[in-house]
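> Everything below, folded, please.
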Amino acid sequence: MSAPSSSAFIPIAAMMFAAGLGIPVFAALNAALGQQLGGPIAATAVTFAIGFVIASAMLAFTGFPAASTFTFERPWLWIGAVVMLFYATSVAYSAPRIGLGNAIFFVLLGQIVAAAIIDHFGLLGSIQSAITPKRALGLVVMAFGLYLARKPA
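Numbers count the residues shown, from 1 in each chain. Okay, here's the model as predicted:
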């Protein structure tokens, strides 16, 4: 996998920034839905059901993948669904108990650690990007910044 061209980078970065904005919005909505429905698992089930319907409708317009592509040659690719299920359920459970900001703080910290490890080793088909001393310092500064942003006054 190669890095995007410089002309493609900005729109992709903007899209991912918007996705990042959506993470705490999703967390707050899913947590509130979990409280309304009486539990985080119910909220996650409803969220995934709605997502399934919308994604299926989108596929109806863009085209369904061929049945032959649904193989288990690389079974780890299917784990993403379990990871997303864990995230949705755990944030619906955690946000009402420790606060949305604290829940997202730990999500961001986990994302920074996981992204650095995945990139460093080029895992899961990602572009390899070694953790240099400069990059390690940047990661520590980001983690410390998250801590300061969430530290009580």
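
> buried sites along the helix or strand containing residue 22?
In the assignment (DSSP states H and E), residue 22 maps to helix 6-37. Applying a neighbour-count criterion of 16 or more other Cβ atoms under 10 Å, the buried positions in helix 6-37 are 24, 26-28, 30-31, 33-34. C-beta: built from backbone N, CA, C; applies to glycine.

> shaky segments in this structure?
Along the chain, segments meeting pLDDT under 70 span 1-5, 153.

> quick check: domain ranges of it?
What automatic domain parsing lists as the domains of the chain is 1-98, 100-153.

> Could you check how many residues crowd around residue 68?
6 (other Cβ atoms under 10 Å).

> repeat for the one 3 residues further on
Applying other Cβ under 10 Å, we find 9 residues neighbouring residue 71.

> so it, which of the three states?
coil (DSSP: H, G, I helix; E, B strand; the rest coil).

> For it, grab phi and psi.
phi -120, psi 170 (degrees, to the nearest 10).

> Kindly report the same for residue 128.
Dihedral angles for residue 128 - degrees, to the nearest 10 - are phi -80, psi 130.

> List the residues that contact it.
Remark: with contacts taken as Cβ atoms under 8 Å, 6 or more residues apart in numbering, residue 128 is in contact with 119-122.

> hmm, who's touching stretch 132-148?
Contacts of stretch 132-148 with the rest of the structure, by Cβ under 8 Å, 6+ apart, involve 105, 108-109, 112-113, 116, 129, 131.

> ah, wrong one, I meant stretch 75-95
So stretch 75-95 is contacted by 26-28, 30-31, 33-34, 40-41, 43-44, 47-48, 72, 102-104, 107, 124 (Cβ under 8 Å, 6+ apart).

> Stretch 34-42 too?
With Cβ under 8 Å, 6+ apart as the test, stretch 34-42 has contacts from 30-31, 43-44, 46, 89-90, 92-93, 96.

> what about residue 142, how many neighbours?
Counted with other Cβ under 10 Å, the neighbours of residue 142 add up to 14.

> cool, residue 85 as well?
The number of residues packed near residue 85 is 15, by other Cβ under 10 Å.

> Check residue 91 too.
For residue 91, using other Cβ under 10 Å, the count is 26.
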